[in-house]
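Enquirer: here are the coordinates; sequence isn't available:
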């Protein structure tokens with residue numbers, strides 16, 4: 001199973017800077033161990049306000065109970081709260097045929113985005129229209145995966161009978177990401193919430209991170 005975990009850290013007032021540096025160093029080392037075991041797949045920073053300390057993590061575990069044990073063993077857990085979303089397979093997920101390396105625009109690595117797709121069909125939309133849009137969406141998803149734009153796609157647990165989808169995307173920037181989403185066949189039938197992601201220093205997919213993990217575990 002895969003899980004998206006929002007990790008929010010609140011350092012108690014008065015905590016010495018040396019103590020913060022120590023626990024962050026231990027967190028980074030422990031994260032490298034988890035990544036080497038295939039339990040931490042990706043890490044990102046979402047947009048942050050002043051004083052905020054949050055991380056988004058893609059984790060793998062056999063079940064929710066095992067994930068809780070993994071999270072409980074992380075050094076920063078003493079100051080952290082976690083919000084867990086269980087991710088299940090989506091028929092359009094390109095994971096079985098990995099996307100190319102991150103796209104480049106003008107020599108710069110593409111930005112990654114998490115996009116939430118919430119069903120929101122207009123009144124009067126017929127089942128035939130929805131079925132045709134979904135069929136066209138599957139074709140377009142394969143095309144975008146082949147271009148390196150669509151990296152992963154998951155289904156989220158249903159809430160009030162409605163199941164949303166979550167996608168990991170790459171684009172040259174906000175404008176290109178918006179244009180891609182607006183051109184999707186399902187665009188008239190969903191609401192989207194887009195989160196721009198920035199690199200996390202402990203992300204297993206970051207350049208050089210695999211080499212660092214191998215050195216740390218040698």
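Expert: Cool, the structure landed. This structure is a prediction, so every number in the text was calculated from the model and none was measured.

Enquirer: helices of the protein, start to end?
Expert: According to DSSP state H, the chain carries its helices in the segments 17-36, 64-72, 127-146, 174-182, 209-216.

Enquirer: for the third one, packing partners?
Expert: So that's helix 127-146. Where contact means 3 or more Cβ pairs under 8 Å, 6 or more residues apart in numbering; DSSP states H and E, helix 127-146 is packed against strand 150-155. C-betas here are computed from N, CA, C, even on glycine.

Enquirer: quick one: low-confidence parts of this protein?
Expert: 96-108, 207-218 (pLDDT under 70).

Enquirer: outline the domain layout of it.
Expert: Residue ranges for the domains of the chain, per automatic domain parsing: 2-86+200-216, 89-198.

Enquirer: now render those domains as TSV, adding mean neighbour count.
Expert: Formatted as TSV, the domains of the chain follow (neighbours: other Cβ atoms under 10 Å):
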stretch	mean neighbour count
domain 2-86+200-216	15
domain 89-198	15
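
Enquirer: can you lay out the helices of the chain as CSV showing distance to residue 158?
Expert: Below are these laid out as CSV (distance: least, Cβ to Cβ, whole Å):
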stretch, distance to residue 158
helix 17-36, 29
helix 64-72, 16
helix 127-146, 17
helix 174-182, 22
helix 209-216, 35
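
Enquirer: any idea which of those gets closest to residue 202?
Expert: The minimum distance between residue 202 and the helices of the chain falls on helix 17-36, with 4.5 Å, by Cβ to Cβ.

Enquirer: what's the angle between the closest one and helix 64-72?
Expert: Going by axes from the mean of the first three to the mean of the last three Cα atoms, to 10 degrees, helix 17-36 is angled at 140 degrees with respect to helix 64-72.

Enquirer: ok, back up a step: ok, which of the helices of the chain comes nearest residue 8?
Expert: Comparing these by Cβ to Cβ, helix 64-72 comes nearest, at 12.4 Å.

Enquirer: residue furthest from the geometric center of the chain?
Expert: What lies farthest from the middle of the chain is residue 124; by Cα atoms, centre = their mean that is 33.5 Å.

Enquirer: how close does that one sit to residue 188?
Expert: Computed as Cβ to Cβ, to the nearest Å, the residue 124 to residue 188 distance reads 12 Å.

Enquirer: next one: residue 90
Expert: Residue 90 is 20 Å from residue 188, by Cβ to Cβ.

Enquirer: quick one, what contacts residue 138?
Expert: Residues near residue 138 by Cβ atoms under 8 Å, 6 or more residues apart in numbering: 91, 92.

Enquirer: state the distance from the closest residue to residue 67 other than its chain neighbours to residue 163.
Expert: Closest residue to residue 67 apart from its sequence neighbours, by Cβ to Cβ, 6 or more residues apart in numbering: residue 61 at 3.9 Å. Distance of residue 61 to residue 163, computed by Cβ to Cβ: 21 Å.

Enquirer: ok, the nearest residue to residue 78 once chain neighbours are set aside - contacts?
Expert: Closest residue in space to residue 78, ignoring its immediate chain neighbours: residue 23 at 7.5 Å, by Cβ to Cβ, 6+ apart. If you count contacts by Cβ under 8 Å, 6+ apart, residue 23 has them with 75, 76, 78, 79.
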